[in-house]
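Chemist: need a structure here:
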Amino acid sequence: MVLAVLLVAFMLFTSVWTNLLWYRSVDFASVYTTELWAKILLFIGSGALMALLVGANVVIAYRLRPAYRPLSVEQQGLERYRAVID
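Modeler: Now for the predicted structure:
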């Protein structure tokens, strides 16, 4: 697992470094860094928005849950068995 993460990180680094070197060679390094920062901020913003939406749904589902769940057929049988034993 660690090896796979290192491999992906290395491939990502080489891709970014190669693109940066190419953009520098044509004197447009600021274009690439702007594009890179835009992608990073969009990723973080999308993740934060999704975390907010999922968190809100979890809170709503928790508050709207029934106070008591009805017993299933198996649980009803177990309750009758417990009552007989008691």
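Chemist: contacts and neighbour counts: CA atoms only from here.
Modeler: Fine.
Chemist: got the buried residues for the longest helix belonging to the chain?
Modeler: In the chain, ranked by residue count with DSSP state H as the criterion, the top helix is helix 29-63. Applying a neighbour-count criterion of 16 or more other C-alpha atoms under 10 Å, one finds 29, 32 buried in helix 29-63.
Chemist: next structured bit after it?
Modeler: helix 73-85 (DSSP states H and E).
Chemist: rounded mean pLDDT for that following helix, please.
Modeler: For helix 73-85, the mean per-residue pLDDT is 86.
Chemist: cool, stretch 61-69 as well?
Modeler: On average, stretch 61-69 scores 88.
Chemist: returning to what we had before: other SSEs contacting the longest helix of the chain?
Modeler: Packing partners of helix 29-63 (3 or more C-alpha pairs under 8 Å, 6 or more residues apart in numbering; DSSP states H and E): helix 2-25.
Chemist: just the CA atoms from the helix it packs on would do, formatted as CSV, please.
Modeler: Provided in CSV are the C-alpha atoms of helix 2-25 (Å, rounded to 0.1, in the frame of the first residue of the first chain):
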residue,chain,number,x,y,z
VAL,A,2,2.8,2.4,0.9
LEU,A,3,4.6,1.5,-2.3
ALA,A,4,1.5,2.3,-4.3
VAL,A,5,1.1,5.7,-2.6
LEU,A,6,4.7,6.5,-3.2
LEU,A,7,4.4,5.5,-6.8
VAL,A,8,1.3,7.7,-7.4
ALA,A,9,3.0,10.6,-5.6
PHE,A,10,6.1,10.2,-7.7
MET,A,11,4.1,10.1,-10.9
LEU,A,12,2.1,13.2,-9.8
PHE,A,13,5.3,15.1,-9.0
THR,A,14,7.0,14.2,-12.3
SER,A,15,3.9,15.3,-14.2
VAL,A,16,3.7,18.7,-12.4
TRP,A,17,7.5,19.2,-12.7
THR,A,18,7.6,18.4,-16.4
ASN,A,19,4.7,20.7,-17.2
LEU,A,20,6.3,23.5,-15.1
LEU,A,21,9.6,23.1,-16.9
TRP,A,22,7.8,23.2,-20.3
TYR,A,23,5.8,26.3,-19.4
ARG,A,24,9.0,28.0,-18.1
SER,A,25,10.7,27.2,-21.4
